[in-house]
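In: Make a model of this:
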Amino acid sequence: PGRPLQAPDEPPRIGDVSPRCLSLVVRWRPVARATHYALVITAGPQPGGPIVYNETVTRSEFFAPQLLSAMQYGTQVRALNRAGSGPWSARIIGTTHLPSVAPERLPRVSELRVPRGSRA
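Out: Numbering: from 1, shown residues only. Take a look at the predicted model:
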């Protein structure tokens, strides 16, 4: 018979934390023997911050929506399979972007004007 299944023995290497205005996209290298991954995203740059996401996924990427803009988030991932879990990855910090237009700068509907000569 075959060898018994072993838990992953290496941490995933996070390759990219792509910031967006109110979200982050986290990507990592797949790990041998992993069937899925545990991902934790915490608020703030220091370990032990409030947990924002605690997810188990089968792909080697995760889209984290509904975050605060201009905020730092810490991300860690570990590989899992039926035999157990591997070590956590290094903690990577991602910072979401500011909105491209501040809400108070957007024109009010009453301030919008239709140029002369155009048909509404």
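
In: who's in contact with the helix or strand bottoming out on mean pLDDT in the chain?
Out: When the helices and strands of the chain are compared on mean pLDDT, DSSP states H and E, strand 14-19 comes out lowest with a mean of 91. For strand 14-19, the external contacting residues (CB atoms under 8 Å, 6 or more residues apart in numbering) are 24-29, 75, 77, 89-90, 92-97. To be clear about C-beta, it is placed using only N, CA and C from the backbone, and glycine gets the same treatment.

In: again, 7 Å this time
Out: 24-29, 75, 77, 89, 92, 94-97 (CB atoms under 7 Å, 6 or more residues apart in numbering).

In: out of these, what pair is the most spread apart?
Out: Arg29 and His97 (25.0 Å; CB to CB).

In: what residue ranges in this protein score low on pLDDT?
Out: For the chain, the stretches with pLDDT under 70 are 1, 100-120.

In: what pairs with the longest strand seen in it, and is each one parallel or antiparallel?
Out: For the chain, the strand with the greatest residue count under DSSP state E is strand 72-81. Here strand 72-81 has these sheet partners by DSSP bridges: strand 36-43 (antiparallel), strand 84-85 (antiparallel), strand 92-95 (antiparallel).

In: between these, which one is nearest to Pro8?
Out: Closest approach to Pro8 among those is made by strand 84-85 (7.1 Å; CB to CB).

In: The closest one: how far from the chain's middle?
Out: Relative to the chain's own centre, strand 84-85 is displaced by 22 Å; criterion: CA atoms, centre = their mean, to the nearest Å.
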